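# fold the following and give me the result.
(chains A, B, C, D and E, ligands or ions: 4)
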Amino acid sequence: MMNSNAAIHFFDVSHSYKGNSQKVLNQVHLEIEKGEFCTILGRSGAGKSTFLRSMTGFVQVEEGSIFINGDELRYYSSSLRKIRKNVAMIFQHYNLVNRLTNLQNVLCGMLQNIPSQRGILGWYTEKEKKQALELLDRVGLADFAHKRADQLSGGQKQRVGIARALAQDPKIILADEPVASLDPVTSGEIMELLKQINKEENITVVISLHQIELAKQYGERMIGFAGGKVVIDTTAGFLTDGDLAEIYDVTKEKENTNHSIEKQII
Amino acid sequence: MMNSNAAIHFFDVSHSYKGNSQKVLNQVHLEIEKGEFCTILGRSGAGKSTFLRSMTGFVQVEEGSIFINGDELRYYSSSLRKIRKNVAMIFQHYNLVNRLTNLQNVLCGMLQNIPSQRGILGWYTEKEKKQALELLDRVGLADFAHKRADQLSGGQKQRVGIARALAQDPKIILADEPVASLDPVTSGEIMELLKQINKEENITVVISLHQIELAKQYGERMIGFAGGKVVIDTTAGFLTDGDLAEIYDVTKEKENTNHSIEKQII
Amino acid sequence: MEKKSTLSKILIFISVIAFGVWSAYDLELSPMKFIAGIPDIFNLIYRSLPPDLSILSRLVTPALRTLEVAIWGTFIAVVFSTILSFGAAKNLFGSNKIIYGLTRGILNTLRSIPDLIWALVFVAAVGLGTFPGVLALAVYSCGELGKLYAESIENIDPGPREALESTGAGSFRVIRWAILPQILPEAITYTLYRLESNVRHAFILGLVGAGGLGHELIVSMRLFRYDEALTIILVIIITVSLTDFVSGKLRQKVI
Amino acid sequence: MEKKSTLSKILIFISVIAFGVWSAYDLELSPMKFIAGIPDIFNLIYRSLPPDLSILSRLVTPALRTLEVAIWGTFIAVVFSTILSFGAAKNLFGSNKIIYGLTRGILNTLRSIPDLIWALVFVAAVGLGTFPGVLALAVYSCGELGKLYAESIENIDPGPREALESTGAGSFRVIRWAILPQILPEAITYTLYRLESNVRHAFILGLVGAGGLGHELIVSMRLFRYDEALTIILVIIITVSLTDFVSGKLRQKVI
Amino acid sequence: SSETGSPEETVIRLGLAPDEDSAEILRAYAPFIEYLEKKTGYTIEASVGADYPAVVEAINAGHLDLAWFGPSEYMLATEVVDVGVEAFASAIQSKDSVPYRSIFVVHKDSDIQSLEDIKGKSIAFTDPASTSGHIFGRYTLVNEGIDPDTDLGEVIYSGSHDANVLSVEKKQVDVGVMSSRKLPRFVEKGIVDGDNIRIIAESVLIPPDPISFKCDLPEDIKENVVKAFTEKSDELSKALEGTGFESFDPVNDQDYDLIRDAYEIAGLKPEL
Ligand SMILES: Nc1ncnc2c1ncn2[C@@H]1O[C@H](COP(=O)(O)OP(=O)(O)OP(=O)(O)O)[C@@H](O)[C@H]1O
Ligand SMILES: Nc1ncnc2c1ncn2[C@@H]1O[C@H](COP(=O)(O)OP(=O)(O)OP(=O)(O)O)[C@@H](O)[C@H]1O
Ligand SMILES: [Mg+2]
Ligand SMILES: [Mg+2]
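Numbering: from 1, shown residues only, chains lettered A, B, ... in the order given. Ligands and ions are numbered 1, 2, ... in the order given. As a prediction, this is how the structure comes out:
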């Protein structure tokens, strides 16, 4: 029934959020092979985050099935845990634990790989600490290791989130706009880092991006979302202006919605 | 002593956060004229947000003085309130009130202009509601007016934040990475909107941005921050690659910091 | 510095343990004794079974009375503690040290004086009846709610508040639209918890000559009518569970 | 639908007001009477002045004893209520309806039964002394803390928790590193509030028996030695203020 | 517990209930305990319950051997405690203290002169389980041929003796029932103005506080203890100084039948 070689397999997945009939994912059907470096494009609200979050089960999709590394995603904890161990997520809103230091935040990425008691007590080995520091260094924040996460600038928080995801030593990385708050140079560095991990360790990377340039530069495959549908799925090099129009076309979106302001007044 | 024509006047302003000796603003001295459209560039952590936040008094700077529309910023509430009324802020982290609807969030931008009792009770006139809805429509979110703010995608939240700032009917708009979470098309629309307001209503706009392209396209003046210092202050058209290197140069930042990992291990 | 703080941590740790052990000894805490006494607990429960449901009809008036008193006491407390909590929150008017010290002091005093004594004070003022009971509960609850409200205000995310302050809106508008929505779930928890607690504590009504459930309970206990006491306790459990349920529903709406 | 809900809102509003007015009448609430009684309050205060500080030395041991009881009671309560709160939080194990219902039920029962009665139950088990007092406070506090902990768990920002869950880490690790840091300030508030509350209850209820400060207060009140009672109340106020201060300092560290 | 062995090893556990009127003794019982230890040769462990049900349950669960509480409490304990308790001594008050009984008080301006006038008037008891504030008041009324439930106006339970006398002074009720020992203290402390209050009737004397032991105590210990309590001596009076008592008289259970009658007549006989 499914390609056992695929890292990610969406099988006619549809979803809408409670209290809203509009489909945020609309019959998404796609496969992402192991080791692919895939970028997701789409307008604000197109469903990119929902798509990414559905792969770790935080969005419990209403229809269809999702397979990660050949295992079907099922919404009970042992199954979810098993799948999540191999999937690292970089969140659009960072989701750092504010009252912990940055080092602790990064170490949190390793929790699932260390024994339960040590995990609960927060006893990390020197090696683990060193690894976490190295990761912080890789994102340029070694000096901020012992600062609290809420004392960082936006871009710094984003980078701690990236370091945490890398600490997880995953097989798949899902990154939701990982460079949105970063300057061009740092963005480039982070993309480079992800690419390197992708190549060297054959890790599947799925990134949602708003910078088409970056997507073209780093992405191999490009998936375009519009209104919850996959409208474009192509190789980066072949992305045409027509494709971009398909993804970002303004008129299309407007068709589906009803803008009469008067009606809205309570 | 100071140019009464300036919208914003920084007079040798320095600041460092508590518990950290490093200067986040380092002798910042500049003037921004009324009606300017000014973009701020800088690496992640360069001090852009601190610079912007210092203008509404949320960062109480340690040295120097700040003049807004000719009034010195002093840290007691009546003075702050007076200045803040004319200054609208678009936050990097949106800062929406999650448990309110988007319309209510936008209406919050008008609170300072309506009588106190009405403000506390939340009785807005039809006109005010219509205006707020129009603003939501301008950022493409008329349909989301009655949704709660925490049910939005990242880019949608960002746009509600923008609508709220516009609702304030300010003389100065300070925007902290207002298009970071937005796709290129929406970004363009928002920048266009800000530019239009800037031109039509002669409102001073200061925007921190990471997209150099956008900065070049819309900004008239460009201020580059590095390590809390203003390193570049030029007209957009004249921005050279040398200038960019000055702002984003990696080696420079590294000089100031100490990366020895071993030392950091607790 | 790192080392010193580790040392002081160890010292603190040791002294805490030492205090724990010493006081356990001083208080004659003995898990064994407790385990040995479990049959006695069952014996006590056994003696109160079955609950004497025949007194239910007699309980209707006291229960209603208790509820009314608790609701009014809580309501008055909410009004005053809301005001006081603004001064007792460090990130609001409490940023002024004098206001902070003063309001905290008032709140601490209000809840330090036992409700029993407040009841006595108000009996002196307004005579016997339910009124002094309402006042005693109100004053005492004000001390508790004011502290809890204040600390939940201190816990808010400063972001949305900054956003509203940055518009130049006045404090009360900011409180209403940035702080209130953020503390709402906690405020519901605390208020209904306090209401429930007042239902439970409405014992003091007995002391001011107004009867009430708590009073009935004490009388049943004194006469060793454990089967009656059990019935009264069941009524209290039901009231508390209902309040808990309402609290849950309300919070679900706003979380 | 819009209209209907407005109508039902108005109906609810009217019935709330009606209940308020009716019950105020039923309870004979009268602000005028209260104002008229204010001189009597001052008279009472006047009679207790100056506080009889000579009894202070006599109070040291009872106060210490009471504090020990409160600390142990709170400590035991913290341990058990933490466990129970996991089941009573809808966004943790409470997502299972049976577990939720069961733990909420236990918590509701624990705090519905007055500490006086818990004391009686434990006296039957372990005899007179301070031990039953500790147990009574522990059980009762467990019911209160469990509810408060659970609801502050329900209030957390789900983001960081999702982040940790997305690593595949087990529930307890997630609780430790995503939930605990988020509820820490509330947990401190509740725990120290409960400690303080236990100090007050142990004082007042005389739960500690002859050794405690509560006994002294009751004796003073019964003998109408208001000046002594005032001294004891001052001691309570100081203890409560100290706890409040410590709570504030601890919270400041973590907020 | 109370194994028979060498006397010093025998531990006798005495429970004290802080009855409203004996609050003072609790602070001052130490010399008396010492006296008992010396007299009996046993180790005496005294403990105090928060209220009398706690003491009764402690006896019932076998945690106490002796108990000292009020007469009503004793009567109730005989019903509750499985192995039974039996009074063996009663605490005799010192000469200067007021005899213990229920009294009926009215405001000085009241037209009520005696119990005959109180038909239809409002009356305040303290609380239903109070010996002097309720039980003996009711007992007296019934003996006078007045049925409190039908012949009187409003019947309220004010919760305490002071609330009771205050509401009489404030004319909130017509008649208040309270302990004879309390009134002088209220007047002395200025809770009420003695001139505003008039006593219209009083009950029979209420039996004094009994000291009782658990029936299953070994006979030799019982004897020894009874002796220690009831032997009058200067040493004993001295040990009791400041407690408001001066010695103990021997009593037996029948001496408390009066309480049983009173409860029965008051309609509060515990059904156990
Ligand atoms: N928790 C939620 N409840 C209800 N609706 C939601 C929720 N989260 C997202 N939505 C809606 O689902 C749609 C898709 O959201 P999603 O976050 O997937 O968009 P996105 O493509 O990531 O957008 P952006 O680029 O702005 O982050 C949006 O219209 C949004 O309003
Ligand atoms: N509340 C705070 N406490 C301590 N340090 C802070 C705080 N906020 C920011 N900083 C530090 O100040 C420096 C500048 O932060 P700022 O937020 O101004 O940077 P920025 O230029 O906006 O960066 P970005 O582009 O990543 O948002 C950073 O090194 C940051 O770690
Ligand atoms: Mg998104
Ligand atoms: Mg920033």
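
# ok so C:T61 is a strand residue?
No. The assignment for C:T61 (DSSP: H, G, I helix; E, B strand; the rest coil) gives helix, which keeps it out of a strand.

# contacting residues for residue 28?
Since you didn't name a chain, this refers to chain A. For A:V28, the contact set (Cβ atoms under 8 Å, 6 or more residues apart in numbering or on different chains) comprises A:F10, A:D12, A:V13, A:S14, A:F51, A:G64, A:G228, A:K229, A:V230. Backbone N, C-alpha and C define where each C-beta goes, glycine included.

# wait, chain E was what I had in mind.
E:E241, E:G242, E:T243.

# ok, the residues you listed vs C:Y46, which is closest?
E:T243 (37.9 Å; Cβ to Cβ).

# can you give me the helices for chain E?
According to DSSP state H, chain E carries its helices in the segments E:23-27, E:30-40, E:52-60, E:71-80, E:136-143, E:161-169, E:182-189, E:219-230, E:234-239, E:257-266.

# wait, isn't A:N202 in contact with A:E33?
No. Between A:N202 and A:E33 there is no contact under Cβ atoms under 8 Å: 10.6 Å.

# give the ChimeraX command for selecting the buried subset of the contacts of A:V28.
Of the contacts of A:V28, the buried ones go into a single ChimeraX selection, burial set by 16 or more other Cβ atoms under 10 Å in any protein chain shown:
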select /A:10,13,14,51,64,228,229,230
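
# among the contacts of A:V28, which are in strands?
A:F10, A:D12, A:V13, A:S14, A:G64, A:K229, A:V230 (DSSP state E).

# isn't the last one up against A:G224?
Yes. If you go by Cβ under 8 Å, A:V230 and A:G224 touch, sitting 7.1 Å apart.

# so who does A:V13 touch?
A:V13 neighbours (Cβ under 8 Å, 6+ apart): A:L25, A:Q27, A:V28, A:H29, A:S54, A:V61, A:E63, A:G64, A:S65, A:I66.

# could you find the closest non-adjacent residue to it?
Once flanking residues are discounted, A:V13 sits nearest to A:G64: 3.6 Å by Cβ to Cβ, 6 or more residues apart in numbering or on different chains.

# hmm, that neighbour is touching A:H9, no?
No. Here A:G64 does not reach A:H9: they are 10.4 Å apart, not a contact under Cβ under 8 Å.

# quick one: buried residues of stretch C:82-93?
C:T82, C:L84, C:S85, C:F86, C:G87, C:A88, C:A89, C:K90, C:L92.

# got a markdown table for the residues you listed, with secondary structure, distance to A:I190 and pLDDT too?
What follows is the buried residues of stretch C:82-93, written out as a markdown table (DSSP: H, G, I helix; E, B strand; the rest coil; distance: Cβ to Cβ, whole Å; pLDDT from 0 to 100):
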| residue | secondary structure | distance to A:I190 | pLDDT |
| --- | --- | --- | --- |
| C:T82 | helix | 47 | 93 |
| C:L84 | helix | 49 | 93 |
| C:S85 | helix | 44 | 93 |
| C:F86 | helix | 44 | 92 |
| C:G87 | helix | 47 | 91 |
| C:A88 | helix | 45 | 91 |
| C:A89 | coil | 40 | 91 |
| C:K90 | coil | 38 | 88 |
| C:L92 | coil | 40 | 87 |
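
# want to throw the contacts of A:V28 into JSON lines with distance to ligand 4 and pLDDT?
Output for the contacts of A:V28, formatted as JSON lines (distance: Cβ to the ion, whole Å; pLDDT from 0 to 100):
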{"residue": "A:F10", "distance to ligand 4": "35", "pLDDT": "91"}
{"residue": "A:D12", "distance to ligand 4": "41", "pLDDT": "91"}
{"residue": "A:V13", "distance to ligand 4": "35", "pLDDT": "92"}
{"residue": "A:S14", "distance to ligand 4": "37", "pLDDT": "92"}
{"residue": "A:F51", "distance to ligand 4": "27", "pLDDT": "93"}
{"residue": "A:G64", "distance to ligand 4": "39", "pLDDT": "91"}
{"residue": "A:G228", "distance to ligand 4": "31", "pLDDT": "89"}
{"residue": "A:K229", "distance to ligand 4": "34", "pLDDT": "89"}
{"residue": "A:V230", "distance to ligand 4": "33", "pLDDT": "91"}
